[in-house]
Every structure is written in structure tokens, then in C-alpha cells.
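S.K.: need coordinates for the following:
(2 chains)
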Number of protein chains: 2
Amino acid sequence: MPPCQRVTLLDSTLRDGAQGEGISFSVADKLGIVDALDELGVDLIEAGNPGSNPKDKEFFKEAAGLRLRNARVAAFGSTRRKGVVASEDAQLRSLLDAGTETVVMFGKSWDFHVERVLGASLEENLEMIWDSVAYLRSEGRRVIFDSEHFFDGFAANPAYALDCLRSAVEGGAECLALCDTNGGSLPEAVAAGVEAAMGLSRVAGPAVTVGIHAHNDSGLAVANSLSAVRAGALHVQGTLVGFGERCGNANLSTIAANARLKLGLDCLRGNGLAGLSRAVRRVAEIANVTLDEGMPYVGLKAFAHKAGMHVDAVLKSPSSFEHVEPEGVGNERRILASEVGGRSVVMERLRKILPDAQKGDPAVGRALERLKDMERLGYQYEGAEASLSLLLRKSSGAYEPYFELVRYRTTGERSPAQSGDAVAARGTAQAHAMVQLTVGGVEEIQAAVGDGPVHALDQALRRALARFYPSLEGMRLADFKVRVIDGSGATAATVRVLIESRDSDCAWTTVGVSTDVIEASWLALVDSIEYKLEKDGVKAPLTQTQRPEAV
Amino acid sequence: MPPCQRVTLLDSTLRDGAQGEGISFSVADKLGIVDALDELGVDLIEAGNPGSNPKDKEFFKEAAGLRLRNARVAAFGSTRRKGVVASEDAQLRSLLDAGTETVVMFGKSWDFHVERVLGASLEENLEMIWDSVAYLRSEGRRVIFDSEHFFDGFAANPAYALDCLRSAVEGGAECLALCDTNGGSLPEAVAAGVEAAMGLSRVAGPAVTVGIHAHNDSGLAVANSLSAVRAGALHVQGTLVGFGERCGNANLSTIAANARLKLGLDCLRGNGLAGLSRAVRRVAEIANVTLDEGMPYVGLKAFAHKAGMHVDAVLKSPSSFEHVEPEGVGNERRILASEVGGRSVVMERLRKILPDAQKGDPAVGRALERLKDMERLGYQYEGAEASLSLLLRKSSGAYEPYFELVRYRTTGERSPAQSGDAVAARGTAQAHAMVQLTVGGVEEIQAAVGDGPVHALDQALRRALARFYPSLEGMRLADFKVRVIDGSGATAATVRVLIESRDSDCAWTTVGVSTDVIEASWLALVDSIEYKLEKDGVKAPLTQTQRPEAV
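M.R.: Numbers count the residues shown, from 1 in each chain, chains lettered A, B, ... in the order given. Next up, the predicted model:
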């Protein structure tokens, strides 16, 4: 396919994304993100500024050995310093040393910035752009020119903003990426700026394309990127999950899906959109950021239906309340359990447990009542389907406990901090737990130490159950989340704990709620174990009092 | 000002927002949100569907007695049922019973939906629209017609979609709100639909306006709303914080700021945008939703600067990296402390503690080292400025401890659940804590029970310090947050605890990190108390070994 049929994506998660508050990447994190973006089929990965910090320099050394399937890694830096010959500029040298085929070079195009922030004359800045680009070209690099503050510059002094682009073209840049650095532009202004730049690129020939780099300060980064594409831009910069300084960069996952599904433009190599949701989750996980589950296309909520009426219509005909098919972007439809969702959702789930349940059944009424009671206590089952299934089983009468708790006790202890400095003296705390329980009338007691009382409790519980239920060996806890539901009670606040468990077949999530974080964890732990045993078809033992031979 | 000079905002947080996953409002919550929206100066508050659930009915009874300054409350419902006379339709009756001056009525305008979901003929649907609106008008109500799936309908069968609008106008509707119900439309399609509807409203005269109701499934809800306004719409529906089913409704806070600051259109009564950030926080707090701090205009990150170069430029001239002034939307600029931010930020803060500190000072170097060490452990100071100030004090040598911990011990215990049902048997857990410490060589030991071990520890620590530091009486813990930093360790995961404290003067936030949630809470608690004492100018006692009279 000739290049003009596709829109090229440049992902800057590792560079502009790393400027976001709360974001910090190790070299290993960066390599993981490169792999996720490459698998997804992004064209270019802007991976850092080798001249600005040693970590980025180390990364480029590692990256040189990578064998990527789809993507190319690019280094990022600025035009040369004022008054320095390009070939003697340390920063340009470090860009060359990074050893990438493509370099993204930013330069100023807003007269105000040139004079006030850079302290250079307008003419000087044009020379800096021209000879920085030309130098990199002479060293065999392909150059994308990021025109910083282009739209502000184009509004203030359009002739000068275009002169800056012209200098980059004359220096040999193959792409002019117009940056809405402050994120304040509207789609109409973006279209106008792109059209003006297109005029230059048409004169320069088809080898020069126009690109867009948008920020989300006005909530318009996606719209501005699409507006640029409609006006002729063939290169879009952003970050896959929208990470970036202040309100973030343009979200490439949303843009890629819109470009393909709404505008009919390809922009991912490889399997395309089918891997979109997975790639977004991988990157968010590596970045250690809780994904906004309302994110278009890829969020857990993006195809979740709650309102009773909507649910009925969606079950009849998905397109009635879904703009695209969730499978197409690697996501899935979810029908939510909640008071608004009503009986039909509860029915659908209850039938998995009691296949003969009917809508008028008292069991359905009891299940709904119970669900409402639990929601009032702060439970939410929307993300904890395993606990919901246990709850329905309990209210249907089909539940048998696998064990009965006699007592647990946890202790936490901290000894004196040597320096009297509470922040620095970490790791001096100790936690222990004891669990006493009965399984089918047989008593067991076990104790454990742990990294904190919840971990100790988890260990002690597993030990106590091990001899009765050997299949628990194959289960592990994969994730642990704590959410304060009502922070106004401060340290007496109610917390909701979610635990994700896995075995070799699947993953499941359970929930517990209490003002006591240990108790909330306990409730979620018990559910996770009971769900595992039930799923494996393990029979619950009769309790002591139910056993015929009971004393 | 004549009405056509303003854009009217309708907030649907209480109706469409309540369809969002994880959102549920009590009647008290709803009244609180009405107050926040009214204070902000929103025109219309769509508050629920009185025919769909008893909670909404109860709300409208309460709302009738409210004295609002700026807003009017509106009830929401659908056109009459097929085959029922409007005056005998139970749902229309409940809309009238809600007693609001304005009713928002939704009806179908997509032929596919009329025939497939509603099961009505196209002609029947037009009659349902006409006589439902006419009936409400005959009972003295003002009617806004929400044209469900308008843009999908307009694409599939434009003549019929417009016929639906015409029926509403002929019935007496004063506003035609065009809904992008599935959130799949692009700004260009929205503009085209609005222009077609404007043709009808022009024929009907200036009393009929066109409105827009957008959803964010394509990440374009704000852009689509602005596109509609540019095409002539004078009424915008959305939710202040963007709550809503799936990916949410159009975010009215972003739209209000863009409309005023970018398009020069007023849409808030009262104090306008200055109250925007506060209103957003109030609504998010009542809804118990963690605000997306990257939200345009109102998020904590919206005017936060991290990159060293940016920070220098922003300090020189704010407009160089900010598209609008943070104060104008009730927000503020923040300069972030982090490795990228570099020395100048640390310097700025350190000077508050050591006014004579210079850039080359060893104290600055030590502070930077320490900051990096702590960040490696999982600390983040961006939201915990009080802990940062203590950290800098510690590394500058200006820190004296207010007390020394000898030992704390917490116990958590849970007795048998009567029913053997771990989920239902809540509140049977007990927690105790003991704290032993010295203040200036004087030993104190106190114990407490609490709602969980963290609460017990908090109580015991305050008791132990009370006689030494009476000003702690005036301090309370206002919020408590737990974040699992690395969930892959499951119950042994590292957690970060943030505690917000308040006294009569101000609020401050502190942070603690550990694999043990109790220890992490302890570290944040200790910081919160030390910060309070330091802020109040309380002198730290000499430690036992430092005291000349020490044994």
C-alpha cells in the first residue's frame, strides 16, 4: 500500500507520556512498553531524549538490540543551541549516538517563544532549525520536525510560523508535525493550520507529509487529531493510553479506533484493532496506572449496560445501543448486575446455578433483596462476578460452606525506629496471623508470619485448608486492590477490597467490605477460595451438626 | 440579555449520570448535587424519572420545597405507551405529579428503533410524540423533547427523523435536543444534523431552540457539543463531571469553560467559571467517585508542570505553557516535585525551611538524594506536600522529633460467623491497638479499640500524645486513601496510604508506604501529627539522650 493510504502513528508514551504526573519508567518498563506497542502495530515509538538523562541513554543502548516486528524506535531532542555549530552541539551528538534511523526534533515556531523564552532573534531560530535538521540528514538520519506551539504561533504570526516549517523542509525533514503544545486549540483552528502547512508540503513534493501532535487541555485532543487528518495530515502523534503532562496527550487508542471504524483509514500494522484493548491494559499495567475504565473503546465500561430498558434492547439487537462491535477492538459486552438492571440480569445469572429458576420464583426475589442489602453495605459486584455467583448460590439455598471459622487473630507490631525518623525507618514492622477453623467437624489451627497482617492471614488460611483441599495449591492471588468507599470517616472509613485470583484455567475476582481492612480482605479471601473449590467441582463437607455421627 | 445570547446548560448527573457504572445516589446525595449545580449557575437540572422508581418520586417531593438561586429542576420521562391515551398513561401522570415547570420527554426518531425495539409503526410513533407533548403542554408544562438516537436516525432515514422533530414542535415543545445516544457520531455529522433541525426551528419561530445531548463513546462528546453550538444549538445537555453510562455523557465542566473562554459564549449564571473546580469536586465527592485529576480545566493536574524546561518557562511567563489562566476556572498552578522537575523546584521549597539555602549547597544535594530514595520505595509527594516538607526538613538537619516510638502493637480478631456465611456476617471483627512512646524522655503508654486496626492505632497514638501536645485536639483526619502500588504481590503488595488532615485553618496531606497497610498508615499518621505541631510553632522536646539532665 503506498504510504499516503495510511495514517502513521507515533506513540510518545515513553517521552511525552513520562512527563505525566505520577508516571515514571524504569528501563525494563520502557522495553515492556516498546514490546506492547510493537505487537499492536504502531509505526513509530518516540522513546526518550538521550541528551536529557542517563536513563534514556541506557535505554537506547538496550533498544538497539531489539528485533521489532512493526515499529521503529525514534530518539527525541531539540534544535541546536543558539550560537553553537550544529556538528559541535552536545545534544545533537547524543541524538546521533542513540543510533535510531529516525529522529524527532522539536523547534520553536511561535515568535513570542523565540524571543521571550529562547531569547533568540527570529532569523536565528530559522537558522537553528535549518542547520540542525540538515546536520542530522547529512549523518543519514530521517527527521520528523515537531513544530512546538505551532497553532499559537500560526495565530500570532502566521507568516513566521510557516517560515519555521519551510526551514525544516529545506533542511530535509520528511514530516512536519504541528504541535498544539498547550492544548488550547479548537478543531477549526487545527484544520486551518494543517491546510496552510499542506500548501508547503505540496510544493515540497509527496515526500513531505504533515502531522499533528495534540494535547487534551480543552478535552479536544482526539477531535483535533481527527480534524487534522480530515484536513490532510497523514501522521498522528499521541500516547496509547493518553498519558502526558497536565491533561495528557491525544489518546492514540481512541484515535486508531475512530480512524479505522469511522473514517475507514488504517493506522495499525499487524492484527490491527483486535489487539487494542490488550495493548492498552499492558501499557497501563506497566505504568502502574489505574486505567480509566470509561475510556472509549477499551475500557471495561465502554460496552457495559446497566439501565433495565437498555439491557433489554441490547440483548435484542446490540447495535441499538452500541456504536461499534466490542469484539472488533478486543473488548466485550457486559451486562451489569445492579438495582437498575433489574430482574432479567439476576435471572440470567441465577439460571447458571438453578437452571429451572423462573421469573416469579421466590428464589429470584430473595436474590434481589440480598443484592440490594449488600449494595447498601458498600458492596459492588460489577467487578467481582465470583462473589456475585456465591451470593446467588447462598440466596438460592444451594450453598454449602467448605469450612467454618472458629477464630482468626492478627497482630501487627513495630519496634523503635533507630533514627527517630519515622519516614526513613521502614520495614521494621512485623505481622502474624493465627487461623482456627473446622472442616466437616475436624478442627485445624495454623499460624503464619507475613508482609503485613493481610498477607499473614492469607498464608495461615491456606495452610489450615491445605490438607483438606489439595487443589488450592494450584491457585494464587494475582492482584489486590483497596478502595476507601467513604473517606470522611478517615481511619474509620469503610473500605472495599477486591482480590483477583488465578489458576491455570482462569481468573476471578471477589470482594469484601468492612471498616476494618483486615476483615474486608478476609471476606474477599474466603470468597476466592470457595469459588475456586466450587468451580473445581469439589464437594463441600457436611458440617459437624449436619453429620449423622455428630456428637 | 435576550435568551439567544446565551447557551443553556442542562445537567443530567442525577438521571443519565446515575446510569454510570458504580454510581448510585441517595435522596440526600441528590439534594446535595442540586445545591452544587445551583450554586455554580447551571440552568436546568434533570433530576430523574419519577415514573421509574420510588426514590426519584421521593426526591421530587423534597425538591418542590427547595429555594434555588439559579437552576430549575426538571423531570424526565418518555412519550406515552403505544395504544394508550396520553391522559391515561401512568408514566405521563407521574411526570405531572413531579410538579416541575419543565419536563424533558424523550421519544424515538430512528426508524429502526421504532419498528424493532418499540414495535410500533412509524406513524404511531409520530402520534405518540405529538400527543404526549401536547398533553403536557395542556397541563401547563414547558417541554424539552429529547430526540433519542437522532443522528443515527438522521443518517438512516433523514426525512423520518425530521418528522419526529416536527411532531414535537407541533405538540408544543420549546426545545429539540438531538441525542447522540450511542456516542458514535463525528462532529461533522452532528453539525449537519443540527443544521437540518435549525431549519425546522426557524420555521417554528424563535421560541423553539435546538439542543445537543452527546455521549463520549468515541471520545468526542465535548467536540460534538461544541460543533452543535457552532451550528446554532443554544442548549447543551451533559453531566458536570462527565458521569454516564458506558464512556459517560458530555462533560459540562469542559464545555462551559470552552464555551466561555474559547467561543465567548456565556452559559453559567451567578459567578460563572470561578466556581467550576469547586463544583466539580463537590459533585465527585457526593458521588463518591475519585475525580480524574487529568480532567481539563478542573483537575489537580490540569495546570501542573513537571518537566524542568517547562517549569522554567512557566515561571517566566505562564502563557508559554498554559492555554488559559487557572484562577479563571477556580483552579491553581502547581509546580511538581520530581526527578524531572529538578533542582529549581526542590530549591524553591527548601528555601521555605532554610531561607539562606543556595543552589550549590550540600543540603540541596542531600534533599534531592533523599527524594530519589523515597521515590524508589514507592513514595510520591505530588499529592502529599506536608510529607515533602518534613522530608526536606529532615535532610536539612532542621528536624527534631516530637516523640519517639518504643513499640506499637495491633490485634485484629474475628469470631465465628453464626450462619457460616462469611459474606453476610459482617461487623464481628474487633481491633485493638497499644502505643508506647516517649516525649522528651517521659514515657507514655495508651491503648484503644477501633473500627479496624488503623483506626485503633490512630486513637491510641492521639491519646498517648494528648497531654504533651494539647493543640492536637483541634486536628482531625478528613480523608484516608489506600492505593496498591504493585498488585502483583497480591496480599503482600506494597501499598501507599494518603491521609488528609484538617484543623480550623487548613488541610494537609501526608503519605506512608509499606507492604503492611498498618505500617503505611502509621507513617502517614506520624507525618500528619508532626506537620501539625510544626505548623503551629510547637517546639519539639529534646530527646532523653540530648537532655542535660538525662540519666
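
S.K.: can you tell me the SS state at residue A:512?
M.R.: Using DSSP: H, G, I helix; E, B strand; the rest coil, the structure places residue A:512 in strand.

S.K.: and the closest residue to it other than its chain neighbours, what element?
M.R.: Excluding the flanking residues, the one nearest residue A:512 by CB to CB, 6 or more residues apart in numbering or on different chains is residue A:523, at 3.0 Å. C-beta: built from backbone N, CA, C; applies to glycine. Per DSSP states H and E, residue A:523 falls inside helix A:517-535.

S.K.: list the residues that contact the residue in the stretch 301-450 of chain A that chain B sits nearest to.
M.R.: Distances between the stretch 301-450 of chain A and chain B by CB to the nearest CB are smallest at residue A:323, namely 2.6 Å. Under the criterion of CB atoms under 8 Å, 6 or more residues apart in numbering or on different chains, the neighbours of residue A:323 are B:182, B:183, B:184, B:217, B:218.

S.K.: so how far is residue B:20 from the last one?
M.R.: When distances are taken as CB to CB, to the nearest Å, residue B:218 and residue B:20 turn out to be 17 Å apart.

S.K.: please say which of these two ends up with more neighbours.
M.R.: More neighbours surround residue B:218 than the other of residue B:218 and residue B:20, with 29 against 25 (other CB atoms under 10 Å in any protein chain shown).

S.K.: can you pull the pLDDT of that one?
M.R.: In this model, residue B:218 is scored at 98, pLDDT.

S.K.: cool, residue A:337 as well?
M.R.: 59.

S.K.: and the residue nearest to residue A:261 when sequence neighbours are not counted, helix, strand or coil?
M.R.: Spatial nearest neighbour of residue A:261, excluding adjacent residues (CB to CB, 6+ apart): residue A:324 at 5.2 Å. When classified by three-state DSSP, residue A:324 comes out as coil.

S.K.: residues near the closest residue to chain B within the stretch 151-300 of chain A, how many?
M.R.: Nearest to chain B in the stretch 151-300 of chain A, going by CB to the nearest CB, is residue A:184, at a distance of 2.6 Å. For residue A:184, the count of nearby residues is 22 (other CB under 10 Å).

S.K.: check contacts around it.
M.R.: Under the criterion of CB under 8 Å, 6+ apart, the neighbours of residue A:184 are A:152, A:217, A:218, B:262, B:323, B:324.

S.K.: surely residue A:328 and residue A:273 touch.
M.R.: Yes: using CB atoms under 8 Å, residue A:328 is in contact with residue A:273, at 5.9 Å.

S.K.: which residues do those two both contact?
M.R.: By CB under 8 Å, 6+ apart, the residues touching both residue A:328 and residue A:273 are residue A:261.

S.K.: quick one, which of the two is more surrounded?
M.R.: Taking neighbours as other CB under 10 Å, residue A:328 and residue A:273 compare with residue A:273 leading, 26 against 15.

S.K.: the more buried one in helix, strand or coil?
M.R.: Per three-state DSSP, residue A:273 ends up helix.

S.K.: give me the nearest residue to it, chain neighbours excluded.
M.R.: The shortest distance from residue A:273 to any non-neighbouring residue, by CB to CB, 6+ apart, is to residue A:329 (5.1 Å).

S.K.: I'd say the one you found and residue A:275 touch.
M.R.: No: counting by CB under 8 Å, residue A:329 stays clear of residue A:275, with 9.1 Å between them.

S.K.: looking at these two, which is more packed in?
M.R.: Using other CB under 10 Å, the more surrounded residue of residue A:329 and residue A:275 is residue A:329, with 26 against 18.

S.K.: which strands or helices does the helix or strand residue A:190 falls within pack on?
M.R.: When elements are assigned from DSSP H and E, residue A:190 belongs to helix A:187-204. In terms of contacts (3 or more CB pairs under 8 Å, 6 or more residues apart in numbering or on different chains; DSSP states H and E), helix A:187-204 is packed against helix A:150-156, helix A:158-171, strand A:175-180, strand A:209-214, helix A:221-230, helix B:221-230.

S.K.: residue A:477 is nearest to which of these?
M.R.: Closest of the helices and strands packed on helix A:187-204 to residue A:477 is helix A:221-230, at 36.9 Å (criterion: CB to CB).

S.K.: what pLDDT is listed against the residue nearest the centre of chain A?
M.R.: With distances taken as CA atoms, centre = their mean, the residue of chain A nearest its centroid is residue A:284 (2.8 Å). You'll see residue A:284 listed with a pLDDT of 85.

S.K.: which residues touch it?
M.R.: A:241, A:290, A:291.

S.K.: list just the nearest of those residues to residue A:480.
M.R.: Among those, residue A:290 lies closest to residue A:480 (CB to CB), at 13.2 Å.

S.K.: need the three-state assignment for the closest one.
M.R.: Going by three-state DSSP: residue A:290 is coil.

S.K.: again, but for the one 3 residues further on
M.R.: Remark: residue A:293 carries the secondary structure label coil [criterion: three-state DSSP].

S.K.: residues touching it, list them.
M.R.: Going by CB under 8 Å, 6+ apart, residue A:293 touches A:299, A:300, A:301, A:302, B:21.

S.K.: quick check: closest non-adjacent residue to residue A:86.
M.R.: Per CB to CB, 6+ apart, closest to residue A:86 is residue A:135, 3.8 Å.

S.K.: for that neighbour, which three-state class applies?
M.R.: Strictly by three-state DSSP, residue A:135 counts as helix.
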